[in-house]
Structure formats: structure tokens, C-alpha cells
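Trainee: for reference, the sequence and a predicted model appear below.
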Amino acid sequence: MPCEAGREVKRFLTLLSFRGTISRMEYVSIACIGVFIKHVIDLMIARQFHRNWDVTHYLIPLGIPMAGGRLPFDDIKFLSIMLAVSVPFAWVGLGITTRRFRTIGWPLWLVVLFFVPIANIASFVLAAAWPELGAGAGEARPNSRLARIIPKDALGAAFFALLAAGILGAALVPIGTVALGSYGWGLFAAIPFAQGAIAAYAYALHGRRTLAASVFVALLSVGVTAAALLALALEGAVCIAMATPVAAAFAAIGALFGYSICRQPLRPNTAVLLLCVFLAPTIMGVETISSRVDPTFAVTTTIDVAAPPNVVWRNIIHFPDLPPPTELPFRVGIAYPVRAKIVGRGVGAVRYCEFSTGDFVEPITTWEPNRKLAFSVVRSAEPMREWSPYGHIDTPHLHDYMVSRRGQFVLEALPNGGTRLTGTTWYQHHLWPAAYWKFWSDAIVHEIHYRVLKHIKTLSERESHDGK
């Protein structure tokens, strides 16, 4: 009995170890059992906090949904507990990943992929399918068909890599956006990752290629996809430009992955490479059927007006047309306010704010003269007009993918007789990674706020000056 107990303790300690190797069966079994147990625990914790929880939360590190802005205490408490529970599972996951990469001969620095969204799933599947060192002795290039197709010279290999990866991306994007309506990790992370991995692998398959050149080819493949989407009128230039930084980042990570596996003594077979291709549509499909809660963001902009609150208030509820925009975001297609009017007075009145793309309908919920005007939003206009060589194009993300929920103006009297005017908008968007797109959407909302507040400031100060 003591010997048996000692063996069980030793087996448990091996589970926590980063040393040695691990077989495919052990690797997959421990990972699957760990994910199942972790998910059950997470569900129990989420229910205690009356929150939704599904498998899509595991597309980000440690399975914790990180939201921007200041978090309430309950959110901090929930996230702290989830983080504490995640630590032992992350330790075990990192340990078996290290041992598996050592078993198949991958560079151990690639274990950082364990903490990279989307890449962690891809690396797990590929590491599980990869032949172990010694399992294919004498197979220097089992993927000989692919090797025969790819040109051996650097220029030819680069052209093949750009064409293959670029066409792959251009084919997968409409599957996600048009067929599945998914604007998330699959579209902005998994597709570029797959492109980068395939482009770098194809380019570096023959001869000696540098890592920098392989990454460069992978990044160019993202440019090929962007050009194809623009040429086929599937996307507009502005959204492509905003998506490029995050796509380039994941393409570079994919390139590191593709280059590293290409440098190993054993080459992957075609089936393993196809896993990269099918990774993106699989993730986009999961995102489509999952019950994901879109976060609500608040954007606040403040301006000081050299006029008393009563004058500023008049120009909030009645002001003439705004001048033509000069700001770059509005000139390239972002929707901008043109005029506004309020029908009625007091709570229950309706504010109509006309934008360059349509009308916002905003019932008044708070009417405090010279102090506060608040409203809900029951109808929103399109957030932008996509720029395209073919004129206006109608892309899915223009419909209900960024929606205003409510807004308000707050007036604060200043000691010098002026007014501090603050505008706030609460909105939601269905684009993921949410934190990345929040950077762009917050900047756009700030520009809209500033355009309106500056107009009110100009009118109020002119009226105040003329009245003296």
C-alpha cells in the first residue's frame, strides 16, 4: 500500500512538472479533462454571481472576460475569484504544453502561445497531431507533394506564399461576415494567424530563409487579402485600415509559428497544415451560435463655454445646422451630425438628430433646464459610409454592429460665469476583440461629441457676447 500511494503521489507531481516528455494520448487526455473540470467550476462560480458563461470565454487568456473602463466591486470580486481558480489549471496546462513541445521537437519559447488568444487553440491541435521525434525516422520531407509545388527560389516561393495565403484570407472573410455574420476572434485573429503560418511555411520550405523575411511575406499576404476585399467590394477602405493593425499582429504570430515548425527535422503533412485552414471557420461558427453578451461602453467629452448655463441650454435644445466637417474621420466616411431638433418639451419629447447617414430618434428621459438633458436612443443611423472604388457598398457590419443606447448633456455653472458642458454617450458594438475596437469607436464618438459641443460653444459665446 505505501508503494502504491507513493506511485500516485509521484504521478500527481508529474502532472505539475515542466520536465520530461509526454505522449499524445496523455497530452490530449489531461487537456480535455482539465478543460471539462475547469468549465464546470467556472459555471458554478458564474451562477453564484448570476452571470452567463459559455465556451467562448476561453478564447481569451485564462478564460476571463476582460472589460474596459472602471469595474464595479462585484465585477472585480468575480474576476478575482475566476483568476484564482485559473492559476492551478494554467500551471498544469503550461507544464504539459512545455513537455509536449519538447516531445515533438518544437522550440520551447513557443509555449508563450498558451497565453495568446486563438493561437493557444491552434497550437494545442497542431501539437497533438504532430509526429513525435523518432516516430518518423528517415522522413525528412513527408510533405513532398507540397514541396514539389512550391518554387525553390526565394522570389518564386514568396509569390506562391502571397498568392496562397492571400486567396485563403479573401475566401474565409466572406464566410465569416456574410454567411455567419461573425465579426470576432475568428475573423480578426484566426484568419490572419492561419495566413501568417501558411505564408511563412511556404516561403521557408526550401533553402535558408530568414525569420524577418518570412514575417514580412506573411504581413504582405494580409495586404493581398485587403486588396482583394477592396477590389471585390466586400469591404471598404476605412474598416480595412482599422482592422489591419490587429490582423498584422496575429499574422506575425502565425508567421513565427509557421517558420518555427518549418525549421524542424520533421515536416508536417498536409492534414496538419489544413488544421490551420479550418481553425478560423470553426471559431467563427462557435461565435455565431454562442450567447455572447456585448459590453456597454461610455464615452464622455467636456468643454468649457464662456457663457452662462441658461444660454448654453437654449443652444442645446435649439441650434441651427452644423457647418460642413473638416475633421479627417468625417471626410473619409465616418457618420457625423448635421442638425438636431426637439419636438415637444419636457420628458416625453423626442429629439431627432440627423447624421450624414440617417436619423437618430431619441426620446427625452430627463429634462432639467440649465442643468441636464438625457435621452434614450430607439433608432440609430449607420455608423459610416464605407469608401470603395465602386462608391457606397453595403457591408453587414454597418447594420446594428455599433448601436447607441442613450446619451446626455450635463451643464455645470463655473465661478467665472461660464459653463462646463459635458456630453456622454453609452453605446454597444458587436465587434471582437472588444477592447481593440473600443479604441477606435471611443475615438470616433469623441470626435462626434467635440463637433457638437464646439458648435454649441460657438453659438453660446456669440450670443452671450452680442447680448452684452
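Mentor: Cool, the structure landed.
Trainee: tell me what the one helix or strand residue 47 maps to is packed against?
Mentor: Element membership of residue 47, judged by DSSP states H and E, is helix 24-48. On a contact count with 3 or more CB pairs under 8 Å, 6 or more residues apart in numbering; DSSP states H and E, helix 24-48 meets helix 73-104, helix 119-129. All C-beta spots, glycine's among them, are computed from the backbone N, C-alpha and C.
Trainee: would you mark the buried spots in stretch 331-350?
Mentor: Buried residues in stretch 331-350, counted by 16 or more other CB atoms under 10 Å: 333, 334, 335, 336, 337, 338, 340, 342, 349.
Trainee: show the pLDDT at the first one.
Mentor: According to the prediction, residue 333 has pLDDT 76.
Trainee: and what of the fourth one?
Mentor: Turning to residue 336, the model gives it a pLDDT of 79.
Trainee: next one: the last one
Mentor: At residue 349, the model reports a pLDDT of 88.
Trainee: quick check, it in contact with residue 364.
Mentor: Yes. Residue 349 is within contact range of residue 364, at 4.5 Å (criterion: CB atoms under 8 Å).
Trainee: common neighbours of those two, please.
Mentor: residue 342 (CB atoms under 8 Å, 6 or more residues apart in numbering).
Trainee: give me phi/psi at residue 18?
Mentor: In terms of degrees, to the nearest 10, the main-chain angles of residue 18 are phi -100, psi 0.
Trainee: who's in contact with it?
Mentor: Neighbouring residues of residue 18 by CB under 8 Å, 6+ apart: 94, 95, 98, 99.
Trainee: nearest to residue 421, of those?
Mentor: Closest approach to residue 421 among the contacts of residue 18 (CB to CB): residue 94, at 51.2 Å.
Trainee: so what's the closest one up against?
Mentor: By CB under 8 Å, 6+ apart, the contact set of residue 94 is 18, 111, 114.
Trainee: can you list the residues that contact stretch 301-311?
Mentor: So stretch 301-311 is in contact with 312, 369-371, 411-414, 417-424, 446, 449-450, 453-454, 456-457, 460-461, 463-464, 467, going by CB under 8 Å, 6+ apart.
Trainee: ok so, going back, can you flag the buried ones in the contacts of residue 18?
Mentor: Buried members of the contacts of residue 18, counted by 16+ other CB under 10 Å: 95, 98, 99.
Trainee: can I get these in CSV including distance to residue 296 and pLDDT?
Mentor: Shown next, in CSV, are these (distance: CB to CB, whole Å; pLDDT from 0 to 100):
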residue, distance to residue 296, pLDDT
95, 38, 86
98, 40, 87
99, 43, 88
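Trainee: closest one of these to residue 375?
Mentor: Lowest distance from residue 375 to these (CB to CB) belongs to residue 95, with 54.2 Å.
Trainee: now the contacts of residue 94 as a markdown table including distance to residue 36 and pLDDT?
Mentor: Written out in a markdown table, the entries for those read as follows (distance: CB to CB, whole Å; pLDDT from 0 to 100):
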| residue | distance to residue 36 | pLDDT |
| --- | --- | --- |
| 18 | 23 | 79 |
| 111 | 22 | 80 |
| 114 | 18 | 77 |
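Trainee: now do the same contact list for residue 169.
Mentor: So residue 169 contacts 191, 192, 194, 195, 221, 222, 224, 225, 228 (CB under 8 Å, 6+ apart).
Trainee: and the strands in the stretch 301-450 of the chain?
Mentor: Under the criterion DSSP state E, counting those that start in this stretch, strands of the stretch 301-450 of the chain are mapped to 318-319, 337-343, 350-355, 358-368, 372-376, 402-413, 419-429.
Trainee: tell me which other helices or strands the last one touches.
Mentor: Taking 3+ CB pairs under 8 Å, 6+ apart as contact, the helices and strands that strand 419-429 lies on are strand 296-305, helix 309-317, strand 402-413, helix 434-467.
Trainee: with the longest one instead?
Mentor: Strand 402-413 makes packing contacts with helix 309-317, strand 358-368, strand 372-376, strand 419-429 when contacts are defined by 3+ CB pairs under 8 Å, 6+ apart.
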